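K.L.:
Provided below are the primary sequence and the corresponding predicted coordinates.
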Amino acid sequence: MPTYDYHCKECGHQAEITQKISEPALETCPKCNKKAFKRGPGGGIGLAFKGSGFYINDYARPSSEPSEKPSSCNPSGCCPCNKNTN
């Protein structure tokens, strides 16, 4: 549900009220009881994207650091694990 900022044009009272979009705007000020309460756009709510399918989890660039060779690799170029292809 969105949050709306209300401001009374008579007494200056301000309030942040959460309402459904389909609800009519409030008109009567809860402080002075005059019909001068006006609704403006509120700050809303923040969005949090959780789970897979978002940049942080799935689409980040791979690390630019070279992968380390296994310690069992032979520096002469003959490698039983086939990861050293010099």
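P.N.:
Good, I have the coordinates. Numbering: from 1, shown residues only.

K.L.:
for Glu16, what are phi and psi?
P.N.:
phi -110, psi 110 (degrees, to the nearest 10).

K.L.:
per-residue confidence for it?
P.N.:
At Glu16, the predicted lDDT confidence score is 90.

K.L.:
do Ile21 as well
P.N.:
Among the per-residue scores, Ile21 shows a pLDDT of 83.

K.L.:
which helix or which strand is home to it?
P.N.:
For Ile21, there is no enclosing helix or strand under DSSP states H and E.

K.L.:
now the one 5 residues further on
P.N.:
Under the assignment given by DSSP H and E, Leu26 is not contained in any helix or strand.

K.L.:
so it makes contact with Tyr6?
P.N.:
Yes - shown here, Leu26 and Tyr6 form a contact pair, counting by Cβ atoms under 8 Å, at 6.3 Å. Bear in mind the C-beta positions are built from the backbone N, C-alpha and C, glycine included.

K.L.:
between the two, which one's more packed in?
P.N.:
With neighbours defined as other Cβ atoms under 10 Å, Leu26 and Tyr6 compare such that Tyr6 has more, 20 against 16.

K.L.:
identify the residues contacting that one.
P.N.:
Each residue near Tyr6 by Cβ atoms under 8 Å, 6 or more residues apart in numbering is listed here: 14-17, 26, 37-40.

K.L.:
neighbouring strands - and their directions - for whatever helix or strand it lives in?
P.N.:
Assigned by DSSP H and E, Tyr6 belongs to strand 3-8. Partners of strand 3-8 in the sheet, by DSSP bridges, are strand 14-18 (antiparallel), strand 37-41 (antiparallel).

K.L.:
which parts of the first one are buried?
P.N.:
I take that to be strand 14-18. Buried residues in strand 14-18, counted by 16 or more other Cβ atoms under 10 Å: Ile17.

K.L.:
let's have the strands paired with strand 3-8 in JSON lines, adding distance to Met1.
P.N.:
Listed next are the strands paired with strand 3-8 as JSON lines, based on distance: least, Cβ to Cβ, whole Å:
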{"stretch": "strand 14-18", "distance to Met1": "5"}
{"stretch": "strand 37-41", "distance to Met1": "14"}
